[in-house]
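Novice: Dropping the sequence and predicted coords here.
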Amino acid sequence: MKIIKKEIIIEEDLKQKLEIICSFCNTKPTIINGSIRSINKTNLNYIEPHKIIIKGITFLAFNYSKDIYIGNINNKIKITELENYLKNI
């Protein structure tokens, strides 16, 4: 069984939104691109989300999504609510 990993580049619009929100909060995000992992000769795929580390907290995001996840995919907020979240921590 061979697992193929292909990096996904973060969407430029999403990256800009995150950087603008972080500039309002006087912080800088660390962005780690996500990936697609697939098992060779099958139709099984796993999409690993982009990781955004802000103030020591890991956020997860997918391209073309309006939500951002805090720590894991069970806790989500709208990207527009991220500024208030960061100011309250």
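Specialist: Thanks, I have it. In this text the structure is predicted, and so the values were computed from the model without any measurement.
Novice: List phi and psi for the most centrally placed residue in the chain.
Specialist: Central residue of the chain (C-alpha atoms, centre = their mean): Ala61, 2.6 Å from the mean position. Per-residue torsions, Ala61: phi -140, psi 150 (degrees, to the nearest 10).
Novice: could you pull out the strands for this protein?
Specialist: Secondary structure of the chain, counting by DSSP state E: strands at 3-8, 30-32, 34-39, 45-48, 50-54, 57-61, 67-70, 76-78.
Novice: could you say what helices and strands the third one packs with?
Specialist: Judged by 3 or more C-beta pairs under 8 Å, 6 or more residues apart in numbering; DSSP states H and E, the packing partners of strand 34-39 are strand 3-8, strand 45-48. In this view, the C-beta of every residue, glycine as well, is placed from N, C-alpha and C.
Novice: next one: the fifth one
Specialist: Using 3+ C-beta pairs under 8 Å, 6+ apart as the contact test, the elements touching strand 50-54 are helix 12-24, strand 30-32, strand 57-61.
Novice: Same check on the last one?
Specialist: Secondary structure elements in contact with strand 76-78, counted by 3+ C-beta pairs under 8 Å, 6+ apart, are strand 67-70.
Novice: In the chain, where is pLDDT below threshold?
Specialist: Of all residues in the chain, none has pLDDT under 70.
Novice: Name the surrounding residues that touch stretch 3-13.
Specialist: Applying C-beta atoms under 8 Å, 6 or more residues apart in numbering, the contact partners of stretch 3-13 are 31, 33-40, 47, 50, 61, 63-64.
Novice: Including distance to Ser23, could those go into CSV?
Specialist: Output for the contacts of stretch 3-13, formatted as CSV (distance: C-beta to C-beta, whole Å):
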residue, distance to Ser23
Ile31, 14
Asn33, 21
Gly34, 23
Ser35, 27
Ile36, 30
Arg37, 33
Ser38, 36
Ile39, 40
Asn40, 42
Ile47, 28
His50, 19
Ala61, 17
Asn63, 21
Tyr64, 23
